[in-house]
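Asker: Please work out how this folds:
(2 chains)
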Amino acid sequence: AQSVSQHNHHVILSEAASLELGCNYSYGGTVNLFWYVQYPGQHLQLLLKYFSGDPLVKGIKGFEAEFIKSKFSFNLRKPSVQWSDTAEYFCAVSGGATNKLIFGTGTLLAVQP
Amino acid sequence: GAVVSQHPSRVICKSGTSVKIECRSLDFQATTMFWYRQFPKKSLMLMATSNEGSKATYEQGVEKDKFLINHASLTLSTLTVTSAHPEDSSFYICSAIGQGNQPQHFGDGTRLSIL
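Answerer: Next comes the predicted model:
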């Protein structure tokens, strides 16, 4: 069955610390990969996406993610987090010709000033 | 950027009431809209996919007679929770996608509470 797994449910970091959030997926065939962010009280926003090409994808606000096909992973990284990065982060995957998204359970990131 | 408006943001109503939630794409034509349900501390669960002018496609386990979806135009889809009961209380989120290989754009969600 298709699934997305986010290993970290709750992460607490201090400002300037480096961030890596894990995401693994189970999906047969070609995949499109996404990271969405939900700031407190706001809607889900696209952080970055991978459709094809360079497996290292750069998104907004200094985030990046690397697609490692052999590991079925798409981990999110940021070298130095800020207090304003406090939010919930969702990894999602869609496959083939469908636009249907399968979401992970989300990771709640709290950055302490 | 692409904006999706969802209304209302919060609904509290009695058991047995039917509730309609609207999802509008404000600055683009949405060929497809999606409806999700999110339970506390859990992931978004896709309920159905709605294409303009055709019947919605429901995911396994979602009652189509309970959750009526209408996608009458390229900018509007509605979800009606019929004869709602307390177990239907949840956070409902819509998203919309335009033509081409585009990511989904999400609404703010609707918090539905059935008493």
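Asker: Check what pLDDT the closest residue to chain A within chain B gets.
Answerer: In chain B, no residue comes nearer to chain A than B:F106, which is 4.0 Å away by C-beta to the nearest C-beta. C-beta coordinates here come from the backbone N, C-alpha and C atoms, glycine included. As predicted, B:F106 sits at a pLDDT of 92.
Asker: repeat for the one 3 residues further on
Answerer: B:G109 is assigned a predicted lDDT (pLDDT) of 93.
Asker: Specify the beta-bridge partners of the residue of chain B closest to chain A.
Answerer: Note on B:F106: beta-bridge partners by DSSP bridges are B:S95.
Asker: and it, what does it touch?
Answerer: Applying C-beta atoms under 8 Å, 6 or more residues apart in numbering or on different chains to B:F106 gives the contacts A:36, A:43-45, B:4, B:93-95.
Asker: Which residue would you name as the spatial centre of chain B?
Answerer: For chain B, B:W35 is the residue whose C-alpha lies nearest the centre (C-alpha atoms, centre = their mean; 3.6 Å).
Asker: correct me, but it touches B:M47?
Answerer: Yes: proximity of B:W35 to B:M47 meets the contact threshold set by C-beta atoms under 8 Å, at 4.6 Å.
Asker: intersection of neighbour lists for those two?
Answerer: Counting by C-beta under 8 Å, 6+ apart, the residues touching both B:W35 and B:M47 are B:67, B:79.
Asker: neighbours around the closest residue to chain B within chain A, how many?
Answerer: Nearest to chain B in chain A, going by C-beta to the nearest C-beta, is A:L44, at a distance of 4.0 Å. Residues lying near A:L44 (other C-beta atoms under 10 Å in any protein chain shown) number 26.
Asker: If you drop the residues flanking it in sequence, what lies closest to it?
Answerer: Nearest residue to A:L44, sequence neighbours excluded (C-beta to C-beta, 6 or more residues apart in numbering or on different chains): B:F106, at 4.0 Å.
Asker: And the one you found, how far from A:P79?
Answerer: Separation of B:F106 from A:P79 (C-beta to C-beta, to the nearest Å): 27 Å.
Asker: likewise B:E63?
Answerer: From B:E63 to A:P79 the distance is 47 Å (C-beta to C-beta).
Asker: got any ranges where the chain has weak pLDDT?
Answerer: Answering for chain A, as no chain was given. Low-confidence segments of chain A (pLDDT under 70): A:96-97.
Asker: oops, chain B please
Answerer: Low-confidence segments of chain B (pLDDT under 70): B:1-2, B:101.
Asker: so where do the strands sit in it?
Answerer: B:4-7, B:10-13, B:19-25, B:32-38, B:44-51, B:57-58, B:67-73, B:76-81, B:90-97, B:105-106, B:110-114 (DSSP state E).
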